[in-house]
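here's my sequence, what's the structure:
(one chain, ligands or ions: 1)
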Amino acid sequence: MAFVQHPFRLTGKKSLTADVFELTFDSDSAPAPKPGQYILFHLPSGLKRAYSISYSSDIQFSEYGTMPDGSSYYDAQSVGNRFHFIIKRMPFEASGSAEICDSEIGAEILGMGPLGHFVLTEGDIPRLFVGTGTGFAPLYYQIRSLEDRKFSAKTEFAFGVRNVADLFYQEEFERLSASYPHFSFAQYLSQDSLEGTKTGYVTDCLTPEYVSQFREFYVCGSPVMVKSVRETLAKLGIEKECVKFEQY
Ligand SMILES: Cc1cc2nc3c(=O)[nH]c(=O)nc-3n(C[C@H](O)[C@H](O)[C@H](O)COP(=O)(O)OP(=O)(O)OC[C@H]3O[C@@H](n4cnc5c(N)ncnc54)[C@H](O)[C@@H]3O)c2cc1C
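Just a heads-up that it's a prediction; the model follows:
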């Protein structure tokens with residue numbers, strides 16, 4: 001089933017920073033994803049690009065038929081899925097990210113999936129999420145699913161970007177910490193400073209005392225950051241089976 005292509009209709013587009021967009025697609029045939037999975041879009045230009053799902057929910061589609069006189073009538077309702085993505089638009093016209101971010105509302109794009117094995121394990125255990133940039137997307141969905149399932153183990157998110165202008169979802173971070181008592185977060189700015197954030201890299205949090213509080217680690221972002229986190233955790237004696245990662 002996962003290798004079948006499904007039509008995804010663009011139903012929402014919101015700018016989060018100067019070059020990061022939240023896109024919403026509806027599909028009445030793509031299966032519900034597991035938090036952490038992605039869709040492989042087959043763009044009209046022929047490019048194929050993978051984008052992690054940042055949240056998903058089921059939705060009802062209203063279907064209409066047409067009478068012989070041309071008027072519409074309500075026919076039935078079917079259930080489908082709504083998929084959110086957080087995509088950084090590269091500044092080149094020929095790039096896949098520009099193509100998908102510049103698509104018009106209503107555009108239909110084929111996609112395969114949900115795909116991928118970067119998914120949560122089942123247990124209610126302490127987890128640390130470490131991400132940079134749009135690596136936020138699958139981690140956010142995973143954290144939301146822990147909140148939705150009312151998990152009670154410690155859940156922390158170390159998230160990093162370069163500058164203040166690259167921060168997004170600030171209200172959502174606040175909402176999560178207020179409504180999900182087991183969740184806390186720290187934001188890192190590698191080249192900037194702002195009250196309430198830390199100046200430095202997300203890897204700065206990986207001290208032996210801090211790491212020892214968690215049983216599993218979920219890491220997503222640039223290959224350099226992912227490598228650095230994996231190496232540090234390995235040096236601290238964390239088994240590699242406890243470290244799940246996706247890099248792009
Ligand atoms: C499993 C998975 C999940 C992913 N999830 C996300 C996600 O949630 N959000 C997200 O934003 N991305 C995600 N990605 C990355 C995404 O798939 C694309 O790789 C990304 O959008 C870049 O593709 P592009 O076509 O825009 O850029 P490409 O055209 O592929 O360019 C890639 C790089 O090439 C260089 N380059 C290309 N053209 C030029 C030029 N004209 N001048 C100078 N340099 C150039 C740039 O350095 C650029 O970074 C994911 C990838 C994977 C594998």
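
point to the helix or strand of this protein where mean pLDDT is at its lowest.
strand 72-88 (a mean of 81; mean pLDDT, DSSP states H and E).

which other helices and strands contact the next helix or strand after that one?
Moving toward the C-terminus from strand 72-88, the next helix or strand (DSSP states H and E) is helix 96-101. Packed against helix 96-101, as judged by 3 or more CB pairs under 8 Å, 6 or more residues apart in numbering; DSSP states H and E, are the following elements: strand 20-27, strand 48-66, strand 72-88. C-beta: built from backbone N, CA, C; applies to glycine.

ok, now which ones touch residue 103?
10, 109 (CB atoms under 8 Å, 6 or more residues apart in numbering).

make it 10 Å
By CB atoms under 10 Å, 6 or more residues apart in numbering, the contact set of residue 103 is 10, 13, 23, 25, 41, 43-44, 109.

neighbours of residue 25, how many?
28 (other CB atoms under 10 Å).

was I right to think it contacts residue 55?
No: Residue 25 is not in contact with residue 55 according to CB atoms under 10 Å; the separation is 11.7 Å.

tell me, what's touching those two both at once?
Shared contacts of residue 25 and residue 55 (CB under 10 Å, 6+ apart): 82-85.

neighbour-wise, which of those leads?
Ranked by neighbour count under the definition other CB under 10 Å, the shared contacts of residue 25 and residue 55 are headed by residue 83 with 27 neighbours.

that one contacts residue 22, doesn't it?
No: here residue 83 lies out of contact with residue 22, judged by CB under 10 Å, at a distance of 11.2 Å.

shared neighbours of those two, anything?
By CB under 10 Å, 6+ apart, residue 83 and residue 22 have these common neighbours: 54-55.

just the strands in this structure please.
Taking DSSP state E as the test, the strands found in the chain are 5-15, 20-27, 38-42, 48-66, 72-88, 108-115, 127-132, 155-161, 183-189, 198-199, 216-221, 243-247.

just name the most buried of these.
strand 127-132 (a mean of 26; mean count of other CB atoms under 10 Å).

that one - contacts with which helices or strands?
Counting contacts by 3 or more CB pairs under 10 Å, 6 or more residues apart in numbering; DSSP states H and E, strand 127-132 is packed against helix 136-148, strand 155-161, strand 183-189, strand 216-221, helix 223-235, strand 243-247.
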